[in-house]
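**Q** have a look; sequence and predicted model below, questions after that.
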Amino acid sequence: MIITDGLLSRILRQRELRSVTFRGLNLDTLYSVFYSALKLSRRIKINISKQNTAKMGKPYFDINLYLHENLRNEVLHLIQNVLTESTSLSVLPEDAKAALFAGLIDGDGYIGKTKKHIIIAYKKDSLKGRSIDYILNYLAFQGFITLGKYRGKPHYERYVRLINLDFARCVCKYVYHPRRHEELEDLMRGLIRNYKCRYTINEIKAQIMRAISAYIDFRRSEKGRRIPVLVIYTRSKEGRRVSIKITAKCLKELEVCVNDHDIKLKTNNNVLNTILHYLQLLKSL
């Protein structure tokens, strides 16, 4: 939030950080800053903005956060070094990286109309923009997000997709902007459908041990890639052959199953070898 809505250039000129100032915030963004800082500040001062008091027919606010002493240097060091030290973000735990990305959403982000991606608005050639760009590229390199093409004038925005389910859950926890939090939860529900396996480990184990045969099918994705799908055949109580399709979403569950002692003893060898080959294909993608 400091990078997106704080007076960043002033902070970077300071040798000592006593307070952080945010100006011209609407009510939802004020709520985001206030909720984020509630446990971090020893004092919070909020004023109705003297300028643009009735901008777009709504009141705007200025807020000053007076930080606890042990936080001052840590906050200042992180912000000052985010552009100059390649390791400045790598030392943060995953939870803190999620909170950092959530701050970008609270400050300059919004959820796209299709609710499949997040849009972060920033100018690349500004100090703030370079900081945001560095953070986004770092998170993409770490495999937490994927980045779409940057759109310049007149949009100044970048499309972002969450691809790591655990990271996405963490981000959702730290987004305090009321409307964006609600929209992000909708996006999360779609993400879970796309990335979460529809079967539990016990369900997959039961199907594997009952399997009479298996093969690997290949399907075309929207982008034209060949995606492998594991097809397992079992017998129903009536003696009919029933197929069950297991996709790449179930990679972790399948890995647990093939290492299970009962699976190794009770599963048809051809079925087990097909599953092992399928896992190799998934890991090579």
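**A** That came through, no problem.

**Q** per-residue pLDDT, the closest residue to Ile132 other than its chain neighbours?
**A** Using C-beta to C-beta, 6 or more residues apart in numbering and skipping residues adjacent in sequence, the residue nearest Ile132 is Tyr122, 4.6 Å away. The way it works is simple: take the backbone N, C-alpha and C, and place the C-beta from them, glycine included. pLDDT for Tyr122: 88.

**Q** can you count the residues close to Tyr122?
**A** 23 (other C-beta atoms under 10 Å).

**Q** what about the longest helix along the chain, average pLDDT?
**A** Once the chain is assigned using DSSP state H, the helix that runs over the most residues is helix 178-195. If you average the pLDDT over helix 178-195, you get 85.

**Q** give the next helix or strand downstream of it.
**A** helix 201-210 (DSSP states H and E).

**Q** run the chain-centre distance for that next one.
**A** 31 Å (C-alpha atoms, centre = their mean, to the nearest Å).

**Q** do stretch 167-176 as well
**A** In terms of C-alpha atoms, centre = their mean, the centre of stretch 167-176 is found 7 Å from the chain centre.

**Q** outside of it, which residues touch it?
**A** 31-32, 35-36, 94-95, 97-99, 101-103, 105-106, 144-145, 162, 181, 184-185, 188, 191 (C-beta atoms under 8 Å, 6 or more residues apart in numbering).

**Q** Lys173: neighbour count?
**A** Around Lys173 there are 14 residues (other C-beta under 10 Å).

**Q** assign it to helix, strand or coil.
**A** helix (DSSP: H, G, I helix; E, B strand; the rest coil).

**Q** one step back: which of the contacts of stretch 167-176 count as buried?
**A** 32, 36, 97-99, 101-103, 105-106, 144-145, 162, 181, 184, 188, 191 (16 or more other C-beta atoms under 10 Å).

**Q** show me the shaky parts of the stretch 51-200 of the chain.
**A** The stretch 51-200 of the chain contains residues with pLDDT under 70 at 51-58, 67-73, 76, 79-80, 82-87, 115.

**Q** for it, what spans make up the strands?
**A** 61-67, 109-111, 118-121, 145-151, 157-162 (DSSP state E, counting those that start in this stretch).

**Q** dump these into a markdown table; add distance to Ser131 as well.
**A** Output for those, formatted as a markdown table (distance: least, C-beta to C-beta, whole Å):
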| stretch | distance to Ser131 |
| --- | --- |
| strand 61-67 | 19 |
| strand 109-111 | 14 |
| strand 118-121 | 12 |
| strand 145-151 | 15 |
| strand 157-162 | 13 |
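
**Q** of all the ones you listed, which one is nearest Thr200?
**A** Comparing the strands of the stretch 51-200 of the chain by their distance to Thr200 (C-beta to C-beta), the top pick is strand 157-162, with 23.5 Å.

**Q** just the angle for the closest one relative to helix 178-195, thanks.
**A** 50 degrees (axes from the mean of the first three to the mean of the last three C-alpha atoms, to 10 degrees).

**Q** what is the orientation angle of strand 157-162 with strand 145-151?
**A** Going by the same axes, to 10 degrees, strand 157-162 makes 170 degrees with strand 145-151.

**Q** centre of the chain to strand 157-162, how far?
**A** So, by C-alpha atoms, centre = their mean, the centroid of strand 157-162 is 10 Å from its chain's centroid.

**Q** and that strand, what does it pack against?
**A** strand 118-121, helix 127-141, strand 145-151 (3 or more C-beta pairs under 8 Å, 6 or more residues apart in numbering; DSSP states H and E).

**Q** looking at these, which is buried most?
**A** Of these, the one with the most neighbours on average (mean count of other C-beta atoms under 10 Å) is strand 118-121, at a mean of 21.

**Q** who does that strand touch, helix- and strand-wise?
**A** Using 3+ C-beta pairs under 8 Å, 6+ apart, strand 118-121 sits against helix 94-108, strand 109-111, strand 157-162.

**Q** same list (the ones you listed) but as JSON lines, adding distance to Tyr176.
**A** Compiled in JSON lines, the helices and strands packed on strand 118-121 are given as follows (distance: least, C-beta to C-beta, whole Å):
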{"stretch": "helix 94-108", "distance to Tyr176": "6"}
{"stretch": "strand 109-111", "distance to Tyr176": "12"}
{"stretch": "strand 157-162", "distance to Tyr176": "17"}
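
**Q** moving C-terminal of the longest strand along the chain, what's the next helix or strand?
**A** The residue-count maximum for a strand in the chain (DSSP state E) belongs to strand 226-235. Scanning forward in sequence from strand 226-235 by DSSP H and E, the next helix or strand is strand 241-246.
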